[in-house]
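*Asks:* have a look; sequence and predicted model below, questions after that.
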Amino acid sequence: MLDKHRDADAVNADSDTQREARSLERLQREAQQLRDWLKRNPEDRKGSKGKVRLSNRTDNESAKMATSKGVIQGYCGVAAVDAKHQIVIDAQAHGTGSEQELLMPVVDATAPFRTDKTVITADAGYHSEANLKQLAASDVEAFIPDNGYRQRDERYAGQDVHKAKPDPLHDKRGTTSKKVCHFKPQDFQFNLEQKTCICPAGKRLYGNGANCTINGFAAMKFQGAKQDCVPCELRTRCLRTPEQTATRQVAFFLGKALGRESHTDRMKRRIDSAQGRRMITWRFATVEPVFGNTRNNKRLDRFTLRGRKKVDGQWKLYCLVHNIEKLAYHGYAG
């Protein structure tokens, strides 16, 4: 009986060795395929800024995308919708998580349907200086807000109250930690005429940049001295990483830097106007119900195919069904 077991163990040991050898050979073959593909396609999968998008062997036309459920491999479906009838004018699927580079392809695709009175609206994800510049060069009227437009709109003044509400699914039995409130620039005493800055501990900071430009805004920068910051008792409240950072730096913005006005500046004025606010509100009622219909009513909560051509066809098919329902229930204009 023992001899039989020893013989069986020997056979299994040989099969395990063969299995490991086959697995190693397969991995080496797949790695070589990746190297060959990258060598043949050195410029493939690069975004607007030249950075290579992460992908995989199964579907290298897809991209890594950040969602509320983590990072997934997939595609982004965009649609252009008519505000009067909620008809999808154009639908496209792309293997990228950056919406900024998807705006102009959709705008170009809707050119046959636009008139002199057509206005393009999009959410903040499509906002960029490059997109606004192309729209201006193409003489296309558009309203595309920046990420900070809600902070400038008094209609959203109370949104922080809702953000502070606890998640009903959150486990509240965990330990509570006290968050350290760090000093902000408004906690420092800044004198523009004398060009001085006093920290909350009463120490004077020295200027290390009187005529700086930060993100298009003129600013004055100050920094504390090591002999004052290192032994300071308020160090933990002043520095986010006191064990790594020696001194505190602070900048005070003085307004828009002198120079040529950017397309973003002009768009901000348009968005903050009464007409711009109406356009943003109308956009919510125009395109969001279409995505709600396809996602919830049609149950398209994920693309089920691989390859951009197939995914693009699936997305167009669902949008086509949405249009057919619109015609069936509401008729069409003659």
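*Replies:* Structure received. Numbering: from 1, shown residues only.
*Asks:* part of a strand, is Ala218?
*Replies:* Yes: Ala218 forms part of a strand when assessed by DSSP: H, G, I helix; E, B strand; the rest coil.
*Asks:* okay but it is in contact with Phe253, surely?
*Replies:* Yes: when contacts are counted by CB atoms under 8 Å, Ala218 is listed as touching Phe253 (7.2 Å). In short, each C-beta sits where N, CA and C put it, glycine included.
*Asks:* please say which of the two ends up with more neighbours.
*Replies:* Ala218 (17 against 14; other CB atoms under 10 Å).
*Asks:* what is the more buried one paired to in the beta sheet?
*Replies:* Beta-bridge pairing for Ala218 (DSSP bridges): Thr213, Gly255.
*Asks:* going forward, begin numbering at 325 instead of 1
*Replies:* Yep, numbering from 325; the last one is Ala542 now.
*Asks:* quick one: pLDDT of it?
*Replies:* For Ala542, the pLDDT comes out at 82.
*Asks:* what's the helix or strand for Phe608?
*Replies:* Per DSSP states H and E, Phe608 falls inside helix 598-616.
*Asks:* shaky segments in this protein?
*Replies:* Under the criterion pLDDT under 70, the flagged ranges of the chain are 336-338, 368-369, 371-373, 377-379, 485-504, 580-584, 656-658.
*Asks:* export the helix holding Phe608 as PDB, just CAs?
*Replies:* Presented in PDB, the C-alpha positions along helix 598-616 are these (Å, rounded to 0.1, in the frame of the first residue of the first chain):
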ATOM      1  CA  ALA A 598     -28.300  85.400 -16.200                       C
ATOM      2  CA  GLN A 599     -28.400  83.700 -19.700                       C
ATOM      3  CA  GLY A 600     -25.500  81.400 -18.800                       C
ATOM      4  CA  ARG A 601     -27.300  80.200 -15.600                       C
ATOM      5  CA  ARG A 602     -30.400  79.500 -17.600                       C
ATOM      6  CA  MET A 603     -28.500  77.500 -20.100                       C
ATOM      7  CA  ILE A 604     -26.900  75.300 -17.500                       C
ATOM      8  CA  THR A 605     -30.300  74.700 -15.900                       C
ATOM      9  CA  TRP A 606     -31.800  73.700 -19.300                       C
ATOM     10  CA  ARG A 607     -28.900  71.300 -19.900                       C
ATOM     11  CA  PHE A 608     -29.900  69.400 -16.800                       C
ATOM     12  CA  ALA A 609     -33.400  68.900 -18.100                       C
ATOM     13  CA  THR A 610     -32.200  68.100 -21.600                       C
ATOM     14  CA  VAL A 611     -29.600  65.400 -21.500                       C
ATOM     15  CA  GLU A 612     -29.800  63.900 -18.000                       C
ATOM     16  CA  PRO A 613     -33.200  62.300 -18.500                       C
ATOM     17  CA  VAL A 614     -31.900  60.600 -21.700                       C
ATOM     18  CA  PHE A 615     -29.000  59.000 -19.700                       C
ATOM     19  CA  GLY A 616     -31.500  58.100 -16.900                       C
END
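*Asks:* show me where the stretch 475-624 of the chain has strands.
*Replies:* Listed in chain order, the strands of the stretch 475-624 of the chain (DSSP state E, counting those that start in this stretch) span residues 513-515, 520-522, 528-538, 541-547, 573-580.
*Asks:* need the residues that contact the longest one.
*Replies:* Read it as strand 528-538. 512, 519-523, 542-549, 572-575, 577, 581 (CB atoms under 8 Å, 6 or more residues apart in numbering).
*Asks:* and for the first one?
*Replies:* Taking CB under 8 Å, 6+ apart as the criterion, the residues outside strand 513-515 that touch it are 520-522, 544, 576.
*Asks:* out of these, flag the one nearest to Ala448.
*Replies:* Phe576 (27.0 Å; CB to CB).
*Asks:* need the contact list for that closest one.
*Replies:* Counting by CB under 8 Å, 6+ apart, Phe576 touches 509, 514, 516, 521, 543-544, 546.
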